[in-house]
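Chemist: Sharing a sequence plus its predicted fold:
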Amino acid sequence: MLNLFRSRIYLAITLMVAVLAFGVLGYWLIADYSWVEAFYMTIITVTTVGFGEIRPLGTEGKVFTVILIILSVFIFAFALSVITEYILSRNSLQLLKKKKVKNQIDKLQNHVVVCGFGRNGMQAAERLTAYKKPFVIIERDREIIEKFEDEVLFVEGDANEDEVLISAGVDRAQYLIAALPDDAANLFVVLSARQLNAQLFIISRASLITSQKKLQLAGANKVIMPDKIGGDHMASLVVMPDLITFMDKLGTEGKNTTNLEEVAIEDFGDHSDGSSLRDLDLRRKTGCTIIGYIEPNGNYIINPEADLKLQPKSKVIVLGRPEQIRKLNEMFHIG
């Protein structure tokens, strides 16, 4: 609909320019005005300001002036109505769009709230999209919102404000990612979010080492330092390039390129209580290999023994090719 209004605006502008050109050319030819005088006479005629004629007009000049006034009244009235309608319709469409987004956000449960849509926030959104995890972006830059609002859900505003966090459904969210470029801003976000949802798992970005402890004290469960991770990664590529490249391939995003999967024991049905890793027999059934086990208390066991007993609320980390991971998900109806 906006495209239709834009085309009508272009038509209105074209007609107004044509009227001005018609007036200038007419006075130049009929009244023998100079180009400047013809332009001046055209402007005072179409705007009906009531100034007098530069020089007395003959019969032809007066007839031409009447025609120019009639044309300009209709064309400028048409242009004004189109522009007004466009402004009103644009506001109405924006309100409808905001209402639709609000309704979608209100339906979300256990979603992710991402604060900031810069480089880190955008990467987080891409990964969440790949894993089909519902999320909401809080962003105050209107240009960024208009550029990506057809792809993701946005809440416009400052993530430091409680009202904005509530609008994003932080009280119903499972995770929050504070990806703002300023550590102080992230600190305020963490403090506010923790007060609004005590069970929220908060992941915050930090630029300075001194900010890490403060963010944790404020309530962040995990603090990530992108610059430090990037430096460590580059150094590791120098020391053991093949191994790091292989690890990068395990973490590539996308529906068909996931090589690692985290699975809750309850997803295995009958094997969720009292069984061992050997009883799961994932290698034979799906081709996937269990490379890690997460105990209910959060303790990690790397390369667990086959006789390890499975406990409720624990998880396993499996490794496999994309088709093997899909087979695992289909067999146990995961995701």
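Modeler: Looks like it came in fine. Residues are numbered from 1 along each chain as shown.

Chemist: Residue 73 looks like it's in a strand, true?
Modeler: No. Under DSSP: H, G, I helix; E, B strand; the rest coil, residue 73 sits outside any strand and is assigned helix.

Chemist: how near is it to residue 165?
Modeler: 53 Å (Cβ to Cβ, to the nearest Å). Using the backbone N, CA and C atoms, a C-beta is placed for each residue, glycine as well.

Chemist: higher neighbour count, those two?
Modeler: Taking neighbours as other Cβ atoms under 10 Å, residue 73 and residue 165 compare with residue 165 leading, 26 against 12.

Chemist: So that one sits against residue 158, correct?
Modeler: No. The criterion here is Cβ atoms under 8 Å, and residue 165 misses it with residue 158 at 9.6 Å.

Chemist: For the stretch 51-200 of the chain, which segments count as helices?
Modeler: Taking DSSP state H, counting those that start in this stretch as the criterion, the stretch 51-200 of the chain carries its helices at 59-106, 119-130, 142-148, 162-167, 183-196.

Chemist: Out of those helices, which one sits most buried?
Modeler: Highest mean neighbour count among the helices of the stretch 51-200 of the chain (mean count of other Cβ atoms under 10 Å): helix 183-196, with a mean of 20.

Chemist: Quick one: name whatever helix or strand follows that helix.
Modeler: strand 201-205 (DSSP states H and E).

Chemist: Can you lay out the helices of the stretch 51-200 of the chain as TSV showing distance to residue 328 and mean pLDDT?
Modeler: Converted to TSV, the helices of the stretch 51-200 of the chain look like this (distance: least, Cβ to Cβ, whole Å; pLDDT from 0 to 100):
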stretch	distance to residue 328	mean pLDDT
helix 59-106	31	80
helix 119-130	17	90
helix 142-148	33	90
helix 162-167	36	94
helix 183-196	34	95
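
Chemist: Generate TSV for those helices, with distance to residue 207 as supplementary columns.
Modeler: Converted to TSV, the helices of the stretch 51-200 of the chain look like this (distance: least, Cβ to Cβ, whole Å):
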stretch	distance to residue 207
helix 59-106	29
helix 119-130	11
helix 142-148	20
helix 162-167	22
helix 183-196	6
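
Chemist: Outline the domain layout of the chain.
Modeler: 2-103, 108-224, 258-331 (automatic domain parsing).

Chemist: what's the spacing between residue 176 and residue 198?
Modeler: For residue 176, the distance to residue 198 equals 12 Å [Cβ to Cβ].

Chemist: Show me which of those two is the more surrounded one.
Modeler: Applying other Cβ under 10 Å to residue 176 and residue 198 shows that residue 176 carries more neighbours, namely 32 against 8.

Chemist: May I have the beta-bridge partners of that one?
Modeler: Judged by DSSP bridges, the bridge partners of residue 176 are residue 113, residue 202.

Chemist: which one is residue 23 nearest to, not counting chain neighbours?
Modeler: Nearest residue to residue 23, sequence neighbours excluded (Cβ to Cβ, 6 or more residues apart in numbering): residue 42, at 3.3 Å.

Chemist: can you check residue 306 too?
Modeler: Distances taken as Cβ to Cβ, 6+ apart place residue 278 nearest to residue 306, at 4.2 Å, with adjacent residues excluded.

Chemist: One more: residue 102?
Modeler: Per Cβ to Cβ, 6+ apart, closest to residue 102 is residue 167, 7.5 Å.

Chemist: go on, residue 149?
Modeler: Computed as Cβ to Cβ, 6+ apart, the closest residue to residue 149 that is not its neighbour in sequence is residue 97, at 7.5 Å.

Chemist: With residue 238 as the reference, measure out to the one you found.
Modeler: Residue 97 is 49 Å from residue 238, by Cβ to Cβ.

Chemist: got the residue ranges for the helices in the stretch 201-335 of the chain?
Modeler: Under DSSP H, counting those that start in this stretch, the stretch 201-335 of the chain gives helices at 209-218, 226-239, 241-250, 277-280, 282-286, 322-331.

Chemist: okay, the angle between the first one and helix 226-239?
Modeler: To tie it back to what came earlier, the one meant is helix 209-218. Helix 209-218 runs at 120 degrees relative to helix 226-239, counting by axes from the mean of the first three to the mean of the last three Cα atoms, to 10 degrees.

Chemist: Using PDB, list the CA coordinates for helix 209-218.
Modeler: C-alpha atoms of helix 209-218 as PDB (Å, rounded to 0.1, in the frame of the first residue of the first chain):
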ATOM      1  CA  ILE A 209      38.300  -7.400  32.300                       C
ATOM      2  CA  THR A 210      37.400  -5.100  35.300                       C
ATOM      3  CA  SER A 211      33.700  -5.200  34.100                       C
ATOM      4  CA  GLN A 212      33.500  -9.000  34.300                       C
ATOM      5  CA  LYS A 213      33.300  -9.300  38.100                       C
ATOM      6  CA  LYS A 214      30.800  -6.400  38.300                       C
ATOM      7  CA  LEU A 215      28.500  -7.900  35.800                       C
ATOM      8  CA  GLN A 216      28.600 -11.200  37.600                       C
ATOM      9  CA  LEU A 217      27.800  -9.500  40.900                       C
ATOM     10  CA  ALA A 218      24.900  -7.700  39.200                       C
END
